[in-house]
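K.L.:
what shape does this take:
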Amino acid sequence: MRALVVDDSRFIRNYLHSLFAEHGVECLEAADGEQGLNCLRHLGPFSVALVDWNMPVMSGFEMLEAARADPAFDATKIVMVTTEAENDHIEAALDAGADEYLVKPFDEAGLFDKLRMAGVDEP
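P.N.:
Residues are numbered from 1 along each chain as shown. As a prediction, the model looks like this:
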């Protein structure tokens, strides 16, 4: 399993990276949606991309839309991982093709539950 973490917070990237490493998951990181999309295009395939909503350069929502517009990424599960907890954000992300939605803060059990719900194979 390979995971891509796209978040402008170094803390969140490091936290998710360490959780994945503990489970033997290869993890790459990007600091904004544009970098994340480039990683998908040039360093994939990935089993899952965990994407923050609010980032500079390109938002996570814009990255989600761009990824879902490209059939090359159909097999990549995309989980939005964000502080945006309003129903309209959740609905918009799911309508745009997110496989799941995880609200920060979260713990390890919550993360892996959401990954299972999104259909990501167990690490």
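K.L.:
quick one: the residue positioned nearest the centre of the chain from residue 63, how far?
P.N.:
Taking CA atoms, centre = their mean, the centroid of the chain lies closest to residue 50, which sits 1.3 Å from it. Distance, residue 50 to residue 63, using CB to CB, to the nearest Å: 11 Å. For the C-beta atoms, the positions are set from N, CA and C on the backbone; glycine is no exception.
K.L.:
name the residues contacting each of those two.
P.N.:
Shared contacts of residue 50 and residue 63 (CB atoms under 8 Å, 6 or more residues apart in numbering): residue 6.
K.L.:
residue 17 contacts residue 5, doesn't it?
P.N.:
Yes. Contact criterion CB atoms under 8 Å: residue 17 and residue 5 qualify, at 6.3 Å.
K.L.:
settle it for me: which of those two has more neighbours?
P.N.:
Using other CB atoms under 10 Å as the criterion, residue 17 and residue 5 rank with residue 5 on top: 25 against 16.
K.L.:
any idea how far the more buried one is from residue 20?
P.N.:
For residue 5 relative to residue 20 (CB to CB), the value is 8 Å.
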